[in-house]
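Peer 1: I would like the atomic coordinates for the input below:
(2 chains)
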Amino acid sequence: KQEVTQIPAALSVPEGENLVLNCSFTDSAIYNLQWFRQDPGKGLTSLLLIQSSQREQTSGRLNASLDKSSGRSTLYIAASQPGDSATYLCAVEGRGSTLGRLYFGRGTQLTVWP
Amino acid sequence: NAGVMQNPRHLVRRRGQEARLRCSPMKGHSHVYWYRQLPEEGLKFMVYLQKENIIDESGMPKERFSAEFPKEGPSILRIQQVVRGDSAAYFCASSGLFYEQYFGPGTRLTVT
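Peer 2: Residues are numbered from 1 along each chain as shown, chains lettered A, B, ... in the order given. So this is what the prediction gives:
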């Protein structure tokens, strides 16, 4: 059974810092990996999707890497801003009979203070 | 292109009542997924549907819960005889075939 773990559970930093959020998963047979952002009481916003054949994806100040063989992904946030404060979720999609099923970590709660 | 729509956004039910949660996928999407987020827990997969078909319901409790995605109209997640433990945020996502999932704003169910 796929297990997804995110470290750290919470992070509080001053504005301007470069950040690293970590995600690990137990079964490397994945179809893709997604990073989401969730604001309190709101839905999920997709940030980046990395196909299993890819190594990284970039969007603006965000960069996500994937090392499927070791079961790890990292989300880098450059020059953090208070508006980045949210919970960041990592999810992997299974393959075969579990295609379509996203397995989520419990998230990293990020606070960026001015 | 409107995003994934869910209604109601908030739903309060007394124990024993039925809850019906609706999800309209993004235009052009024929795949719908339901997830549940219990307080202080991560999101858990419940069910994956295509039009008129249940593809994977392995994450759905065997009793009291059902889901459908009819040929016309929204997908419905139905919870019969709700209990306090059903209080959670229920999220719907949609996708095209083998594409990324886009999530709706969720329905927050409170059982009193």
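Peer 1: so for chain B, the centremost residue is which one?
Peer 2: The centroid of chain B falls nearest to residue B:34 when counting by C-alpha atoms, centre = their mean (3.9 Å).
Peer 1: my read is that that one contacts residue B:79, right?
Peer 2: No. The pair residue B:34 / residue B:79 is not scored as a contact, 10.9 Å apart, by C-beta atoms under 8 Å. C-betas here are computed from N, CA, C, even on glycine.
Peer 1: now for the helix or strand hosting residue A:5, which elements pack on it?
Peer 2: Assigned by DSSP states H and E, residue A:5 falls within strand A:4-7. Strand A:4-7 sits against strand A:19-25, strand A:86-94, with contacts defined as 3 or more C-beta pairs under 8 Å, 6 or more residues apart in numbering or on different chains; DSSP states H and E.
Peer 1: about what we covered before: next, the contact list for the residue nearest to the centre of chain B, please.
Peer 2: Residues in contact with residue B:34, defined by C-beta atoms under 8 Å, 6 or more residues apart in numbering or on different chains, are B:23, B:46, B:47, B:49, B:60, B:67, B:75, B:77, B:90, B:91, B:92, B:93.
Peer 1: excluding chain neighbours, what is closest to it?
Peer 2: Once flanking residues are discounted, residue B:34 sits nearest to residue B:46: 4.4 Å by C-beta to C-beta, 6 or more residues apart in numbering or on different chains.
Peer 1: touching, that neighbour and residue B:62? I think so.
Peer 2: No. With contact defined as C-beta under 8 Å, residue B:46 does not reach residue B:62; the gap is 11.9 Å.
Peer 1: with neighbour numbers in mind, choose between these two.
Peer 2: Neighbour count, other C-beta atoms under 10 Å in any protein chain shown: between residue B:46 and residue B:62, residue B:46 has more, with 22 against 6.
Peer 1: double-check that that one belongs to a helix.
Peer 2: No. Residue B:46: not assigned to a helix; according to DSSP: H, G, I helix; E, B strand; the rest coil it is strand.
Peer 1: burial of residue 78, as a residue count?
Peer 2: All of this refers to chain A. When neighbours are counted by other C-beta under 10 Å, residue A:78 comes out with 12.
Peer 1: wrong chain, I was asking about chain B
Peer 2: Residue B:78 has 13 nearby residues by other C-beta under 10 Å.
Peer 1: report the contact partners of it.
Peer 2: If you count contacts by C-beta under 8 Å, 6+ apart, residue B:78 has them with B:18, B:19, B:20, B:21, B:65, B:66, B:67, B:68.
Peer 1: residue B:100 too?
Peer 2: A:32, A:34, A:46, A:49.
Peer 1: give me phi/psi at it?
Peer 2: The phi and psi values for residue B:100, taken as degrees, to the nearest 10, are phi -70, psi 150.
Peer 1: how close does it sit to residue B:39?
Peer 2: According to C-beta to C-beta, to the nearest Å, residue B:100 and residue B:39 sit 27 Å apart.
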